[in-house]
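Participant: Model the structure of this input:
(one chain, ligands or ions: 1)
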Amino acid sequence: MTLELTECTYSYRRWRPAVLQDLSYSLPSGLTILLGPNGAGKTTMLKLAAGVVQPNNGEVKLDSLTSRDRRFRQHVAWMPQSVVAMPSLSSREYVAYVGWLKGMSRQAAWEKAAQALTRVEMLEHEDVKTSRLSGGQLRRVGVAAALVHEAEILLLDEPTAGMDPRQRRVFRDVLKELSGEVGILMSTHDVADLAEESDHVAVMQAGRLAFAGSTADFLAHAPAEVAPGRMAEAAYTALSESYAL
Ligand SMILES: Nc1ncnc2c1ncn2[C@@H]1O[C@H](COP(=O)(O)OP(=O)(O)OP(=O)(O)O)[C@@H](O)[C@H]1O
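Facilitator: Coordinates of the predicted model:
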């Protein structure tokens, strides 16, 4: 399935300037990372793509389904920037509940919740109430909740923020595995870490896309003298500077 945003304009309040302006984007298969400075509009773009908010103008489509269609959200998983604990639910109940909300049967949601928690190394905490988890653990439960109903499109808003280095590694392996199966759009400020592992990169600046293309094309923006380990950062800086001119 292909996720496509066509000439989307969005503003949070009626008479306020648009946060996204005529944004068109088609999500390629594999892993795409979404970069951009604070306030560029990454979260807003992900919310539009997830059908959490609707564009004021333009449309968001998954093949023939529009984001206003109830079935749209069954194919799309969204992990918000801040995962909110549900104090009365354990990790497994939380993930299963999300699966159930997405239309799975109770039994299937319960079983898939265990599989999703295993993927993010949280099964040993399946009975722990979400209000008792650390920030990084709660984000991992949030990732499991995004994986539980096996959506075709994964939209992840800074999923690695607050994870320790080992969990980042685990998460990157999960992403690598998943990127062969589903389309992933993931925002991050972790340019150096992830750009070289992604298939595609999109860069937002002030509500518009300053760049969208393959990772190789993205890295080609780095000046020739830059050391290989710093290419992603250098490419991002060069693109941001040329867009600001
Ligand atoms: N709920 C809201 N109400 C009004 N304005 C908002 C709201 N959420 C975001 N904005 C504004 O929309 C713009 C884009 O914000 P958004 O959160 O999409 O950026 P971002 O690129 O995800 O930033 P960050 O990297 O800091 O998470 C900002 O100017 C922000 O102030």
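
Participant: Sticking with the spatially most central residue of the chain, tell me its helix or strand.
Facilitator: When Cα atoms, centre = their mean is applied to the chain, the residue found nearest the centroid is Leu156 (1.8 Å). Leu156 is part of strand 153-157, with elements assigned from DSSP states H and E.

Participant: what about stretch 57-64, distance to the chain center?
Facilitator: Taking Cα atoms, centre = their mean, to the nearest Å, one finds stretch 57-64 lying 18 Å from the centre of the chain it belongs to.

Participant: buried set for that stretch?
Facilitator: By 16 or more other Cβ atoms under 10 Å, the buried positions in stretch 57-64 come out as 58, 60-62. All C-beta atoms are positioned from the backbone trio N, CA, C, and that covers glycine.

Participant: With stretch 109-126 instead?
Facilitator: Those would be 109-110, 112-113, 116-117, 119-123, 125-126, for stretch 109-126 by 16+ other Cβ under 10 Å.

Participant: Equivalent analysis for stretch 37-57, please.
Facilitator: In terms of neighbour count (16+ other Cβ under 10 Å), stretch 37-57 has its buried residues at 40-52, 55.

Participant: Okay, and which of these map to helices?
Facilitator: Using DSSP state H, 42-50 are the members of those that sit in helices.

Participant: As JSON lines, the residues you listed with pLDDT would be great.
Facilitator: Listed next are these as JSON lines, based on pLDDT from 0 to 100:
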{"residue": "Lys42", "pLDDT": "97"}
{"residue": "Thr43", "pLDDT": "97"}
{"residue": "Thr44", "pLDDT": "97"}
{"residue": "Met45", "pLDDT": "97"}
{"residue": "Leu46", "pLDDT": "97"}
{"residue": "Lys47", "pLDDT": "97"}
{"residue": "Leu48", "pLDDT": "96"}
{"residue": "Ala49", "pLDDT": "97"}
{"residue": "Ala50", "pLDDT": "95"}
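
Participant: out of these, who's near the ligand?
Facilitator: Taking Cβ under 6 Å from any ligand atom as the test, the ligand is in contact with 42-44 out of these.

Participant: Just give me the closest of the buried residues of stretch 109-126 to Ile184.
Facilitator: Nearest to Ile184 among these, counting by Cβ to Cβ, is Arg119 at 13.9 Å.

Participant: looking at it, the closest one is touching Ala145, isn't it?
Facilitator: No. Contact criterion Cβ atoms under 8 Å: Arg119 and Ala145 do not qualify, at 11.6 Å.

Participant: hey, where'd the helices end up in the chain?
Facilitator: Using DSSP H, helices in the chain cover 42-50, 72-75, 91-101, 106-119, 135-147, 165-179, 191-194, 215-219, 231-244.

Participant: Can you give me the buried ones in the strand holding Leu156?
Facilitator: For strand 153-157, the neighbour count (16+ other Cβ under 10 Å) marks 153-157 as buried.

Participant: likewise stretch 73-88?
Facilitator: For stretch 73-88, by 16+ other Cβ under 10 Å, it's 73-81, 83, 85.
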